[in-house]
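Colleague: Using only what follows, build the 3D model:
(one chain, ligands or ions: 1)
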Amino acid sequence: MKMKRVFLKLSGEALAGPKKTGFDEDTVKEVARQVKLSVDAGIQVGIVIGGGNFWRGRTSEAIDRTKADQIGMLATVMNCIYVSEIFRNAGMMTQILTPFECGSMTKLFSKDRANKYFEKGMVVFFAGGTGHPYFSTDTGIALRAIEMEADCILLAKAIDGVYDSDPKLNPEAKKYDTISIQEVIDRQLAVVDLTASIMCMEHKMPMAVFSLNEKDGIANAMQGRINGTIVTA
Ligand code: UDP
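Modeller: From the prediction side, this is the model:
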């Protein structure tokens, strides 16, 4: 795969590293080092980050779901501000776009604005998900990657690809080199949530799943070397 513009999804838990909550500076610095290799090679990089290291809407039953999801969306903004700063310290130019106004902290998303930043060689963070409750950052990245005409969505996960069953529970589990999104949906393999899977299928957006712990895994994936699983549209 030849990549010109890629979107990378990092889960909130991935940022937290072994601490499971908040930020793990070493983990984020390592992500920054690898992204910089790709930016220096001329690849345009969009980043979407989850919020699970702080808050998930569906885990709180004490408050209204819409409000809980608003907290979740703001958690993704906090994550993007942190990671964007670490990226700047590593020598990259960055901008954070959100689907709602956050004062001077971020810029309001528009396709034209994002394209302008990409053309300047900036890493663009798409924070705040879709801006709507009952969605996830999986759907957020599917929407923005499709809208921004990315070549591929890269999913850096704790696991090194897509398996036919959970390798932690089944030692015979088989890893796919490639699999279609239709099969991912039919077999309920949960690469991304169903809403995001259907969007990617409908709009022919491929995904690649690989391990965040693979040495230079992000840099490899951004340069088209996928050692995990390619999910074809
Ligand atoms: N969220 C939302 N709309 C979006 C994206 C995210 O409401 O478009 C909220 C939702 O509450 C979610 C949280 O932000 O639980 C964090 O996003 P993430 O995708 O990490 O959530 P997860 O998939 O882990 O629940």
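Colleague: Show me which residues of this protein are close to the ligand?
Modeller: Residues of the chain lying close to the ligand (Cβ under 6 Å from any ligand atom) are 12, 50-52, 56-58, 68-69, 72-73, 75-76, 129-130, 132-133, 135-140. For every residue, glycine as well, the C-beta is placed using N, CA and C.
Colleague: what's the single longest helix in this protein?
Modeller: With secondary structure taken from DSSP state H, the chain has its longest helix at helix 65-89.
Colleague: Please, a ChimeraX command that selects the buried ones among the residues of the chain next to the ligand?
Modeller: To isolate the buried members of the residues of the chain next to the ligand in ChimeraX, using 16 or more other Cβ atoms under 10 Å:
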select :12,50,51,52,56,57,68,69,72,73,75,76,129,130,133,135,136,137,138,139,140
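Colleague: So which of the residues of the chain next to the ligand belong to helices?
Modeller: Reading helices off these with DSSP H, I get G12, A68, D69, G72, M73, A75, T76, T137, D138, T139, G140.
Colleague: Now the two most distant members of those residues.
Modeller: The largest separation in these, counting by Cβ to Cβ, is between A68 and D138 at 17.4 Å.
Colleague: give me the number of residues near D151?
Modeller: Counted by other Cβ atoms under 10 Å, the residues lying close to D151 total 18.
Colleague: Does the worst-scoring helix or strand of the chain on mean pLDDT pack against any helices or strands, and if so which?
Modeller: Ranked by mean pLDDT, DSSP states H and E, the weakest helix or strand in the chain is helix 12-16, scoring a mean of 91. In this structure, helix 12-16 packs against helix 25-40, helix 65-89, with contacts taken as 3 or more Cβ pairs under 8 Å, 6 or more residues apart in numbering; DSSP states H and E.
Colleague: Could you pull up the contacting residues of C80?
Modeller: By Cβ atoms under 8 Å, 6 or more residues apart in numbering, C80 lies in contact with I47, I49, I96, T106, F125, A127.
Colleague: try 6 Å
Modeller: C80 sits next to I49, I96, F125, A127 when contact means Cβ atoms under 6 Å, 6 or more residues apart in numbering.
Colleague: Could you pick out which of those residues are located in strands?
Modeller: I49, I96, F125 (DSSP state E).
Colleague: Could I get those residues in a markdown table, plus columns for pLDDT?
Modeller: Output for these, formatted as a markdown table (pLDDT from 0 to 100):
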| residue | pLDDT |
| --- | --- |
| I49 | 98 |
| I96 | 98 |
| F125 | 99 |
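Colleague: May I ask which of those residues has the most neighbours?
Modeller: Of these, with other Cβ under 10 Å as the count, I49 tops at 29 neighbours.
Colleague: N79 is in contact with that one, correct?
Modeller: Yes: assessed by Cβ atoms under 6 Å, I49 is found in contact with N79 at 4.3 Å.
Colleague: Can you list the strands that the host helix or strand of V231 pairs with?
Modeller: Assigned by DSSP states H and E, V231 falls within strand 229-232. Sheet pairing of strand 229-232 (DSSP bridges) gives strand 178-180 (parallel), strand 207-211 (antiparallel).
Colleague: Would you check how far apart the closest residue to F54 other than its chain neighbours and L15 are?
Modeller: Once flanking residues are discounted, F54 sits nearest to A75: 3.8 Å by Cβ to Cβ, 6 or more residues apart in numbering. As judged by Cβ to Cβ, to the nearest Å, A75 and L15 stand 11 Å apart.
Colleague: what do you get for A41?
Modeller: Using Cβ to Cβ, we find A41 at a distance of 24 Å from L15.
Colleague: So these two - more neighbours on which side?
Modeller: Legend: neighbour count by other Cβ under 10 Å for A41 and L15, higher for L15 (26 against 11).
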